[in-house]
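> Provided below are the primary sequence and the corresponding predicted coordinates.
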Amino acid sequence: MDSTKKIYFASDQHFGAPTPEDSFPREQKFIRWLDFVKKDAEAIFLLGDLFDFWFEYKKVVPRGFVRVLGKLAEIRDSGIPIYFFIGNHDLWMDDYFQKELDIPVYHKPQEFTFNKKSFLIGHGDGLGPGDKGYKRMKKVFTNPFSKWLYRWLHPDIGVRLAQYLSVKNKLISGDEDVVFLGEENEWLVQYAKRKLESKHYDYFLFGHRHLPMEISVGENSKYINTGDWITHFTFAVFDGSELSLQTFVE
């Protein structure tokens with residue numbers, strides 16, 4: 001890393017929820033954050049659920065989010081790498097970001113090393129013990145045959161149905177557990193501790209829980225959750241030596 005640069009991480013913007021009109025001020029705030037971090041960003045990681053719903057038909061993507069997509073394109077065209085991890089709300093993302101924005105899309109947690117610090121990075125859904133209902137549902141939703149069937153719905157029907165379910169279905173929205181459960185019950189904490197049994201990581205970095213968290217999970221290992229852009233407006237930043245949580249305050 002350039003000693004004057006930083007790496008930024010954010011997740012769970014859920015743009016489009018609960019309505020496009022309500023979401024728009026949050027989109028504007030996120031764009032101002034992107035303008036803020038691009039000044040010294042070595043790279044930007046988006047850890048999933050950027051949209052409350054996203055589905056890529058062969059020739060159609062959901063309407064809206066033009067300013068967000070335009071800002072990501074501007075930053076990427078300036079030479080700053082951007083990495084995207086799908087979440088449980090945008091798990092039907094395919095290659096649109098890669099082809100249109102030159103932003104790689106990851107469907108599973110990935111390992112990265114920055115300045116000799118090891119990171120395991122992902123969205124966080126379906127990891128660790130428990131959450132069996134969602135795990136079963138995810139297998140159905142990500143099945144290629146299920147995606148093929150869904151494409152036969154007209155986009156006006158398919159998008160409206162999915163937007164409704166993303167809010168009403170607790171397995172999808174995850175709203176029922178947006179409280180701190182204690183270290184022994186936080187699934188991602190347990191996941192990190194189990195991973196450490198076979199390999200050391202300095203940092204486990206996830207979203208999904210909508211709660212900014214910084215928890216020691218082992219000797220010289222931390223689990224950090226980036227929170228959300230609905231109520232917390234938090235993000236993580238790595239300055240080359242330490243990873244910390246911050247709140248975007250204008």
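Sure thing, it's come through.

> For the rest of this, base every contact and every neighbour count on C-alpha atoms.
Will do.

> Tyr191: what secondary structure?
What DSSP: H, G, I helix; E, B strand; the rest coil gives for Tyr191 is helix.

> and Lys99, how many neighbours does it have?
10 (other Cα atoms under 10 Å).

> What of the one 10 residues further on?
For Pro109, the count of nearby residues is 19 (other Cα under 10 Å).

> Spit out the contact partners of Pro62.
Residues in contact with Pro62 (Cα atoms under 8 Å, 6 or more residues apart in numbering) are Trp54, Phe55, Glu56, Val159.

> Would you double-check that it falls in a helix?
No - with three-state DSSP as the criterion, Pro62 is located in coil rather than a helix.

> What distance do you get for it to Asn88?
Using Cα to Cα, to the nearest Å, Pro62 is found at 16 Å from Asn88.

> hang on, the earlier thing: so which of the contacts of Pro62 is the closest to Asp102?
Closest approach between these and Asp102, by Cα to Cα: Glu56, at 16.3 Å.

> contacting residues around the closest residue to the closest one other than its chain neighbours?
The shortest distance from Glu56 to any non-neighbouring residue, by Cα to Cα, 6 or more residues apart in numbering, is to Met93 (6.1 Å). Residues counted as contacts of Met93 (Cα under 8 Å, 6+ apart) are Trp54, Phe55, Glu56, Ile86.

> Tally up the residues packed near the third one, please.
If I follow you right, that is Glu56. By other Cα under 10 Å, 17 other residues sit near Glu56.

> Equivalent analysis for the first one, please.
Summarising burial for Trp54: neighbours were counted as other Cα under 10 Å, giving 22.

> rewinding a little: for the contacts of Met93, work out which two are farthest apart.
For the contacts of Met93, and using Cα to Cα, no pair is farther apart than Glu56 and Ile86, which are 12.9 Å apart.

> Contacts made by stretch 193-200 with the rest, please.
Ser118, Val217, Gly218, Ser221.

> so of those, which ones are in strands?
In strands, defined here by DSSP state E, the members of those are Ser118, Val217, Gly218, Ser221.

> can you pick the most crowded of the residues you listed?
Highest count within the ones in strands among the contacts of stretch 193-200 by other Cα under 10 Å belongs to Val217, 21 neighbours.

> and the least confident of the ones in strands among the contacts of stretch 193-200?
The lowest pLDDT within the ones in strands among the contacts of stretch 193-200 belongs to Gly218, with 90.

> ok now do that one, which residues does it touch?
With contact taken as Cα under 8 Å, 6+ apart, Gly218 is in contact with Lys193, Leu196.

> now it: how far from Leu211?
Using Cα to Cα, one gets 20 Å for the distance from Gly218 to Leu211.

> Same question for Lys29.
Using Cα to Cα, we find Lys29 at a distance of 19 Å from Leu211.

> Then Gly64?
27 Å.

> Next: Ala73.
Taken as Cα to Cα, the span from Ala73 to Leu211 is 28 Å.

> now swap in Arg63 and tell me
For Arg63, the distance to Leu211 - Cα to Cα - is 28 Å.

> Leu101 now?
To Leu211, Leu101 is 29 Å away according to Cα to Cα.

> can you check Gln28 too?
On the measure of Cα to Cα, Gln28 and Leu211 end up 21 Å apart.

> The two: which has the busier surroundings?
The residue with more neighbours, out of Gln28 and Leu211, is Leu211; 18 against 13, by other Cα under 10 Å.
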